[in-house]
Every structure is written in structure tokens, then in C-alpha cells.
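K.L.:
sequence plus predicted model, see below.
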Amino acid sequence: MLTNERHEFILNLLEEKGTIKIQDIVDQTSASESTIRRDLTELESQNKLERVFGGAVLPGRNLTEPSIEDKSD
């Protein structure tokens, strides 16, 4: 899989799931973990995702802090 194909795959998966794990991407693309880490770093530098421990989330999505809507439930 070419770099741009992996990037598109990662972004599509992220849109679908909201959060992704490095190991899941490795398993689905057969790319090495270091390759996926480089891909995530590059996509983060383009502000297309945010890196979190072990994976990535959509930009602006904070997994540790619930939203105001979540808090009001």
C-alpha cells in the first residue's frame, strides 16, 4: 500500500470510528508499526488528526475530558 493510500485509509477509518489504535491499522494494512507511527505523525502535522497514546483521534476530540453535553446527562 502506498503512503497516500495508507493516509486515506487512516483518515477514513478515523472518520468512521472517531478513534483508532495503531495496532488495528497495522493489522489492516500489513504495514510496520514504525511506518504507521510515521504516517500518524505526518497527518498530525497537517492537523488532520491528533495523536494519543497508542493511536489517534479526530482533531479537537479530547478523550479525557467529557463534553459539556456529556456532563449535563
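P.N.:
Cool, the structure landed.

K.L.:
so where's this protein shaky on pLDDT?
P.N.:
In the prediction, the chain carries residues with pLDDT under 70 at positions 61-73.

K.L.:
residue nearest the centroid of it?
P.N.:
Residue closest to the mean C-alpha point of the chain, counted by CA atoms, centre = their mean, is residue 56 at 3.1 Å.

K.L.:
could you give the bridge partners of that one?
P.N.:
Note on residue 56: beta-bridge partners by DSSP bridges are residue 20, residue 51.

K.L.:
I'd say it and residue 44 touch.
P.N.:
Yes. At 7.3 Å, residue 56 and residue 44 qualify as touching, with contact defined as CB atoms under 8 Å. (C-beta placed from N, C-alpha, C; glycine too.)

K.L.:
could you pull out the helices for the chain?
P.N.:
Counting by DSSP state H, the chain forms helices over residues 3-17, 22-29, 33-45, 68-72, given from the N-terminal end onward.

K.L.:
pull out the buried positions in the third one.
P.N.:
To tie it back to what came earlier, the one meant is helix 33-45. For helix 33-45, the buried set under the neighbour-count rule, 16 or more other CB atoms under 10 Å, comprises 35-36, 39-40, 43.

K.L.:
what helices or strands is it leaning on?
P.N.:
helix 3-17, helix 22-29, strand 50-52, strand 55-57 (3 or more CB pairs under 8 Å, 6 or more residues apart in numbering; DSSP states H and E).

K.L.:
make it 10 Å
P.N.:
Taking 3 or more CB pairs under 10 Å, 6 or more residues apart in numbering; DSSP states H and E as the contact definition, the neighbouring helices and strands of helix 33-45 are helix 3-17, strand 19-21, helix 22-29, strand 50-52, strand 55-57.

K.L.:
next one: the closest residue to residue 44 other than its chain neighbours from residue 10, what distance?
P.N.:
Leaving out its chain neighbours, the residue that sits closest to residue 44 by CB to CB, 6 or more residues apart in numbering is residue 51, at 5.1 Å. Applying CB to CB, to the nearest Å, the value for residue 51 to residue 10 is 12 Å.

K.L.:
what do those two both touch?
P.N.:
Listed as contacting both residue 51 and residue 10 by CB atoms under 10 Å, 6 or more residues apart in numbering are 40, 43.
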